[in-house]
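Enquirer: Whatever this is, show me its structure:
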Amino acid sequence: MADAADVLTLDRFQALDLVVETKPDLTPVSDADRAAEQLLRGFLAAQRPQDQVVGEEFGADAAAPSAASASSGSSRRWILDPIDGTKNYVRGVPVWASLIALVVGGGAVSEVVVGVVSAPALGRRWWAAQGSGAWAGGSLVGEPRRMAVSEVASLTDASLSYSDAVGWPDGGAGFADLAGRCWRTRAYGDFWSHLLVAEGAVDVAVEPELSVWDVAALVPVVTEAGGRITNRSGGSVLDGGGAVTTNGRLHDAVLALLPG
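Expert: Residues are numbered from 1 along each chain as shown. Model (predicted):
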């Protein structure tokens, strides 16, 4: 699925005839976003017809729960973000990826058991299955390598990544406090911030708010690498409330500074 999405999205990246529209939530969507999700949905319809699908561009299928309640409902759900980082994509910035996740179970026992993040313009791909470790590979990486988070234990030694300094419910005071306590801050943005934590290159990544398709595929990659990913209150990241990703050692200290 990731291979097929990569071919389509790379072909449309920086295309002169790329069609970009504004959705009702004022975020952009391109013809590539919609085509990639249709491609993935077609694959699942053929190979896993009994599974439910939730995607950013076409929502939940007839039997699936709504995107807002994607952490409850039936036993197998695929959660798709055909292009995470569409704003980058439409401007020619290569930091974007297709996100594919499989969630099994319902309600409080829902678990993301497979996650794949493929960023072909970066020549990178990350993937994990529950109990099988987290892996990184791609055309610019060579042979797949197993990932592990850092051992940094103090915020004063930590590298922090984020997408937006705005959008925090407290006006950004907690984020500013966190940033001021960290050794280094950089806005690598979107999916990449969280995967850099899984690789051990960054120690903390935070987002004020995310949709379930923005984050589901990241969960097994981060956790299988030894990290921790929750919402701002320390609960399931699938339930909304932003995302806090750390190497685990720093998690409680980060949560204490951010609004719940």
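
Enquirer: contacts, neighbours, all on C-alpha from now
Expert: OK.

Enquirer: those helices in this protein, which residues are they?
Expert: Ranges of helices in the chain, per DSSP state H, are 2-12, 31-47, 86-91, 173-181, 190-199, 212-215, 218-224, 251-257.

Enquirer: so which of the ones you listed is the most packed in?
Expert: helix 218-224 (a mean of 28; mean count of other CA atoms under 10 Å).

Enquirer: Against which helices or strands is it packed?
Expert: On a contact count with 3 or more CA pairs under 8 Å, 6 or more residues apart in numbering; DSSP states H and E, helix 218-224 meets strand 111-119, strand 124-129, strand 134-138, helix 190-199, strand 228-230.

Enquirer: and the angle for the second one with strand 134-138?
Expert: Going back to what we said before, that points to strand 124-129. Here strand 124-129 points in a direction 150 degrees away from that of strand 134-138 (axes from the mean of the first three to the mean of the last three CA atoms, to 10 degrees).

Enquirer: related to what we said a few turns ago, return the member of the helices of the chain having the minimum mean pLDDT.
Expert: Note on those: lowest mean pLDDT is at helix 86-91, with a mean of 90.

Enquirer: related to what we said a few turns ago, of the helices of the chain, give the one that comes closest to residue 243.
Expert: Distance to residue 243, taken as CA to CA, is lowest for helix 212-215 among the helices of the chain, at 7.9 Å.

Enquirer: And the closest one, how far out from the chain middle?
Expert: 5 Å (CA atoms, centre = their mean, to the nearest Å).

Enquirer: if we can go back for a sec, can you lay out the helices of the chain as JSON lines showing distance to residue 245?
Expert: Output for the helices of the chain, formatted as JSON lines (distance: least, CA to CA, whole Å):
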{"stretch": "helix 2-12", "distance to residue 245": "24"}
{"stretch": "helix 31-47", "distance to residue 245": "26"}
{"stretch": "helix 86-91", "distance to residue 245": "22"}
{"stretch": "helix 173-181", "distance to residue 245": "13"}
{"stretch": "helix 190-199", "distance to residue 245": "6"}
{"stretch": "helix 212-215", "distance to residue 245": "11"}
{"stretch": "helix 218-224", "distance to residue 245": "8"}
{"stretch": "helix 251-257", "distance to residue 245": "7"}
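
Enquirer: Please identify which of the ones you listed is closest to residue 98.
Expert: Checking the helices of the chain against residue 98 by CA to CA gives helix 2-12 as the closest, at 7.0 Å.

Enquirer: which residues touch that closest one?
Expert: 18, 32-33, 35-36, 39-40, 82-83, 98, 100, 116-121 (CA atoms under 8 Å, 6 or more residues apart in numbering).

Enquirer: Repeat the analysis, applying 6 Å as the threshold.
Expert: Outside of helix 2-12, the residues within contact range by CA atoms under 6 Å, 6 or more residues apart in numbering are 36, 120.

Enquirer: again, but for stretch 222-240
Expert: With CA under 6 Å, 6+ apart as the contact definition, stretch 222-240 has outside contacts at 71, 133-134, 147-149, 198, 212, 241-248, 260.

Enquirer: quick one: the most centrally placed residue in the chain from residue 45, how far?
Expert: Centroid check for the chain by CA atoms, centre = their mean gives residue 215 as the closest residue, at 3.5 Å. Here residue 215 is placed at a distance of 23 Å from residue 45 (CA to CA, to the nearest Å).
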